[in-house]
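**Q** Have a look at this fold, sequence not included:
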């Protein structure tokens, strides 16, 4: 929903992934779509190369499958209509087309399976809006390329209606408008290439409902947001390699998320219980990961490198002093009262190398449930079911004073490695910061959070803690507000007392 600063919207596990039997995962080398920037010097990690080395589907129709002929326009949709639920469809090699009407999408029935032969492509020809829609559960799409559909803004091409239980594996979903893929509950997206889509690779959003039990594993998510929507609609918060909205329980592991315009992964508004692990997040124009107005997550064992060079530099060149970061927590924290696999946000055993800055913990004092400054308009926190309760006079006292805020609290950052060589990033200032801060509360006039209350809370009272990290390079630290820039000794000393057990070598980053 966008990130707020100074009351304005800004544009803004064990553990290597097992190699899937299809050969979609390989050791790092020259990537399928080369990220820009210097090569990494951190430890090698396998990456999911689903775009360059896709798995091949069955060369012959499986027993009992309905064969779909690419020479017959609309054959896939027609045979889906005439076949019962739980039918397997085998798409022969070639370019499959739907009828030319923009609403000629395939409407699967419960349990249908769509398998592409080697070279099978479903092509929307920049005419059809959607490839697969409807509300049928437990649909599978495998080994199929889906491309050149023109879904409208915020809508998606595959699983357009966010039906539950879908499985998308070994698919290429590329060069579409809108989102390549939507998500429903219990969805599995594995070993697929989500590439070059106009807005998102995947938009995990379900109108009027939350999404539970989502798995995103072993995918290559590259070059999305070709429409550059944050520039077209500044502050829309409507871009990313993957965007998550109100997802309760997600495992995001073993993906290669790179070269997306904007953020790589963005969880926005009442997400909870995420595990983000063993991913390679690199060369995204914006942050590698944004976790915003959300709860309870484990972020571990990721390789995060060369992110935020474009957006970080853009804001620095404008003279903006805000610590735009590569891993950005905005009004997001741990909450024991909300059921999850953890009761905090724990960030550990990650390698962050040559990004534009590192981790920022931020809380907008003017953003809370029922505030006009809340960009997640209409949404309240998961602790208060109705936003009209967050009004004076009750909001000024317990429990609503605490519960009407999305709070950046209970964040535990430890055993990470932060490497910065400014000659690689090609910067002299503002790319070297770690931060915990808030703005001075001013709005609305009935807000109980005015002044420095939130800045004091996020800095000293909400159990946000760094410890046992390794810093290589000339790192600086920001606390309380953007003007308070600290060296390592000040950061470790009173009153901040951060990074106990950590080390910093300012000369080692290069």
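**A** Looks like it arrived, so ask away. Quick caveat, the model's predicted, so the values are computed rather than measured.

**Q** The closest residue to residue 150 other than its chain neighbours - how many residues pack around it?
**A** In space, and not counting its chain neighbours, residue 150 is closest to residue 177: 4.4 Å by Cβ to Cβ, 6 or more residues apart in numbering. Any C-beta I mention is one placed from the backbone N, CA and C, and that applies to glycine too. Residues lying near residue 177 (other Cβ atoms under 10 Å) number 22.

**Q** now do residue 295
**A** As a burial measure, residue 295 scores 31 neighbours (other Cβ under 10 Å).

**Q** If I look at the residue nearest to residue 150, what pLDDT would I see?
**A** Residue 177 carries a pLDDT value of 97.

**Q** got a list of what it touches?
**A** Shown in contact with residue 177 (Cβ atoms under 8 Å, 6 or more residues apart in numbering): 149, 150, 151, 152, 197, 198, 199, 227.

**Q** Can you tell me which of those lies closest to residue 51?
**A** Within the contacts of residue 177, the smallest distance to residue 51 is 12.4 Å, found for residue 197 (Cβ to Cβ).

**Q** My guess is the closest one contacts residue 224. True?
**A** Yes - counting by Cβ atoms under 8 Å, residue 224 is a contact partner of residue 197 at 4.8 Å.

**Q** where do the contact lists of those two overlap?
**A** Common neighbours of residue 197 and residue 224, using Cβ under 8 Å, 6+ apart, are residue 180.

**Q** in the stretch 251-400 of the chain, which spans are helices?
**A** Secondary structure of the stretch 251-400 of the chain (DSSP state H, counting those that start in this stretch): helices at 309-317, 400-403.

**Q** Nearest to residue 107, out of those helices?
**A** Of all these, helix 309-317 sits nearest to residue 107, with 39.4 Å by Cβ to Cβ.

**Q** Other residues contacting that closest one?
**A** Helix 309-317 is contacted by residues 11-12, 37, 262, 283, 285-287, 322, 324, 326, 355-357, 425, 427, 429-431 when judged by Cβ under 8 Å, 6+ apart.

**Q** Please tabulate the contacts of residue 177 in TSV and include pLDDT as additional columns.
**A** Formatted as TSV, these follow (pLDDT from 0 to 100):
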residue	pLDDT
149	98
150	98
151	98
152	96
197	98
198	97
199	97
227	93
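
**Q** Filter those residues down to the buried ones.
**A** 149, 150, 151, 197, 198, 199, 227 (16 or more other Cβ atoms under 10 Å).

**Q** Nearest to residue 91, out of those: which one, please.
**A** For the buried ones among the contacts of residue 177, the closest approach to residue 91 (Cβ to Cβ) belongs to residue 149, at 15.8 Å.

**Q** circling back to that earlier point, just the buried ones among the contacts of residue 177 now: which is nearest residue 84?
**A** Each of the buried ones among the contacts of residue 177 was scored against residue 84 by Cβ to Cβ, and residue 149 proved nearest at 26.5 Å.

**Q** wait, isn't that closest one in contact with residue 132?
**A** No - here residue 149 does not reach residue 132: they are 9.9 Å apart, not a contact under Cβ under 8 Å.

**Q** Name the residues contacting each of those two.
**A** What both residue 149 and residue 132 touch, as defined by Cβ under 8 Å, 6+ apart, is the set residue 157.

**Q** dump the residue contacts of residue 279.
**A** Contact partners of residue 279, counting by Cβ under 8 Å, 6+ apart, are 252, 253, 254, 255, 256, 257, 265, 302, 303.

**Q** ok, it to residue 474 distance?
**A** From residue 279 across to residue 474, the span is 27 Å (Cβ to Cβ, to the nearest Å).
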